[in-house]
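In: 3D model of this:
(one chain, ligands or ions: 1)
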Amino acid sequence: MPTELITVLDVDTREEALDIVSTCKGCAWFKIGFQLFTREGPPIVHAIQDMGRQVFLDLKFHDIPNTIAKGARSAADMGVSLTTLHAVGGRKMIARAREAVEGTNTRLLAVTILTSLSDEMLREEVGLPETAAQAVPRLARMAVEAGAHGIVCSPLEIQGVRQAVGPEPLVVTPGVRPRWSSKDDQARVMTPAEAARAGANMVVVGRPILKHENRAEAVRLIQEELAG
Ligand code: C5P
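Out: Sure, this is the predicted structure:
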């Protein structure tokens with residue numbers, strides 16, 4: 001299975017989102033986050049599905065198990081293919097979410113440690129005695145044992161996460177930049193080919209596609225790279 005490309009819809013309106021979906025010909029997956037979903041709600045999910053595409057709803061759930069189970073079921077009832085929750089919500093929260101989506105086409109991805117948190121912030125602000133490099137594989141393993149179908153991680157964490165969870169779970173990574181594009185504010189990146197070789201099942205790409213003068217061509221170039 002070649003590594004799949006997911007295009008990011010980090011925009012405010014339905015019009016902008018649907019324009020991206022229709023111009024990104026050849027891309028089968030789109031990621032809707034907090035920004036777009038809060039403004040446009042389930043109708044934007046259904047509009048994209050009606051265009052024959054799959055939706056990754058990235059809302060990073062983190063709450064008590066009962067609430068998360070209900071939210072995960074709502075996401076599954078919307079027909080989203082992927083959704084996210086925080087591993088630090090714990091084993092029971094993840095297990096309840098998994099039960100709630102069982103028998104549906106929705107798969108759960110766990111977020112371990114946000115890449116915006118430095119080791120110093122983890123220690124001083126979060127009170128975590130581990131570095132991110134230690135915490136990420138530990139949380140990934142726990143999340144998968146609890147029922148997550150996969151993990152979202154930085155490209156530089158793919159190897160450690162793969163070692164921790166084995167070959168089966170999905171590994172999905174943002175922070176991917178083709179050589180021909182700007183890094184924008186992403187500090188530590190890999191190219192699509194490098195991420196695929198490192199073991200990513202799916203890569204999440206935003207600005208290199210959205211800012212490209214020919215989005216369909218950007219999608220094609222990235223997919224060509226992913227296919228090796
Ligand atoms: O435009 P760009 O390709 O940088 O978009 C990457 C997407 O992945 C954005 O939606 C961003 O919020 C998300 N993301 C990330 N790094 C993380 C987690 C999520 O870039 N560690």
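In: what's the burial count for the residue in the chain that the ligand sits nearest to?
Out: Residue of the chain nearest the ligand, by Cβ to the nearest ligand atom: G206 (2.4 Å). To be clear about C-beta, it is placed using only N, CA and C from the backbone, and glycine gets the same treatment. Neighbourhood size, G206 [other Cβ atoms under 10 Å]: 20.
In: what do you get for E102?
Out: Using other Cβ under 10 Å, E102 has 11 neighbouring residues.
In: Contacts made by the lengthiest helix in the chain with the rest, please.
Out: As assigned by DSSP state H, the longest helix anywhere in the chain is helix 132-146. Applying Cβ atoms under 8 Å, 6 or more residues apart in numbering, the external contacts of helix 132-146 come out as 87-88, 90-92, 94-95, 98, 110, 112-113, 115, 117-119, 122, 128, 130, 150-151, 153, 157, 160-161, 163-165, 169.
In: thinking again about what came up before, check contacts around the residue of the chain closest to the ligand.
Out: Applying Cβ under 8 Å, 6+ apart, we find G206 in contact with T7, V8, D10, P174.
In: Each with direction, which strands does the strand of greatest length in the chain pair with?
Out: Ordering each strand of the chain by length in residues (DSSP state E) puts strand 54-61 first. The strands beside strand 54-61 in its sheet (DSSP bridges) come out as strand 29-33 (parallel), strand 82-86 (parallel).
In: circling back: restrict the contacts of helix 132-146 to those near the ligand?
Out: Residues of the contacts of helix 132-146 in contact with the ligand (Cβ under 6 Å from any ligand atom): T115.
In: Filter the contacts of helix 132-146 down to the buried ones, ChimeraX style.
Out: Selecting only the buried entries of these in ChimeraX, with 16 or more other Cβ atoms under 10 Å as the criterion:
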select :87,88,90,94,95,98,110,112,113,115,122,128,150,151,153,157,160,161,164,165,169
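In: Can you flag which of the contacts of helix 132-146 belong to strands?
Out: Taking DSSP E, the ones among these that sit in strands are A110, G150, I151.
In: for the ligand, what are the nearby residues on the protein?
Out: Counting by Cβ under 6 Å from any ligand atom, the chain comes close to the ligand at 8, 10, 33, 115, 154, 174-175, 184, 186, 204-207.
In: now do 5 Å
Out: Taking Cβ under 5 Å from any ligand atom as the criterion, the chain approaches the ligand at residues V8, D10, T115, P174, V204, V205, G206, R207.
In: quick one, what contacts the last one?
Out: With contact taken as Cβ under 8 Å, 6+ apart, R207 is in contact with V8, S181, S182, D184.
In: Which two of those have the greatest separation?
Out: Pairwise distances across the contacts of R207 peak at 14.9 Å for V8 and S182 (criterion: Cβ to Cβ).
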